[in-house]
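Enquirer: Sequence plus predicted model, see below.
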Amino acid sequence: MNEVHRARVVFGDTDAMGIVYYGVYFRWFEIGRTELLRKSGIVYRDLNAMGIHLPVIEAGCRYLRPARYDDEVRIFTGMNQLAKARIGFEYRIESEAGVLTTGFTEHAFTDPSGRVIRPPGALRSKLQRVKDAL
């Protein structure tokens, strides 16, 4: 996995106990995969313009330590699966305290109507190079 982004916990990310709300980690996972693809020359907006969507079909998160307001978090992301019509990512969120969470998402390649498709050959080759480089 590579570090792909750093973020600062804002007040709106925290709950009544002053720790990061559990759902925020999934937003950080989204940032992680978007930035991993961007750093590899694949812009998610361009995929949408090509009629390719990547809806989440499965996700998981293991919470190990809490993050708190104003902590800086580091988002690490890797690609752990590239099948005919699916792609999977894995994540690790860290702060100065250590590993906060680990998680994963699995996505289907679909067209705008939601029909499962195979990615075009050029895109698949590019994604394979990203996966192999991690």
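Expert: Looks like it came in fine.
Enquirer: can we go C-alpha only for contacts and neighbour counts from here?
Expert: OK.
Enquirer: burial of Met17, as a residue count?
Expert: 8 (other CA atoms under 10 Å).
Enquirer: Number of residues surrounding Glu58?
Expert: 11.
Enquirer: for whatever helix or strand it lives in, packing partners?
Expert: Element membership for Glu58 (DSSP states H and E) is strand 56-63. If you count contacts as 3 or more CA pairs under 8 Å, 6 or more residues apart in numbering; DSSP states H and E, strand 56-63 packs onto strand 98-108.
Enquirer: which parts of the strand it packs on are buried?
Expert: 99-108 (16 or more other CA atoms under 10 Å).
Enquirer: Now do the strand holding Glu58 against strand 98-108, angle only.
Expert: Going by axes from the mean of the first three to the mean of the last three CA atoms, to 10 degrees, strand 56-63 is angled at 170 degrees with respect to strand 98-108.
Enquirer: The very next helix or strand once past strand 56-63 pairs with which strands?
Expert: Helices and strands here follow DSSP H and E; after strand 56-63, the next one along the chain is strand 72-82. Sheet pairing for strand 72-82, assigned by DSSP bridges, gives strand 2-8 (antiparallel), strand 86-95 (antiparallel).
Enquirer: neighbouring contacts of strand 72-82?
Expert: 1-9, 28-29, 32-33, 36, 67, 87-96, 127-128, 130-131, 134 (CA atoms under 8 Å, 6 or more residues apart in numbering).
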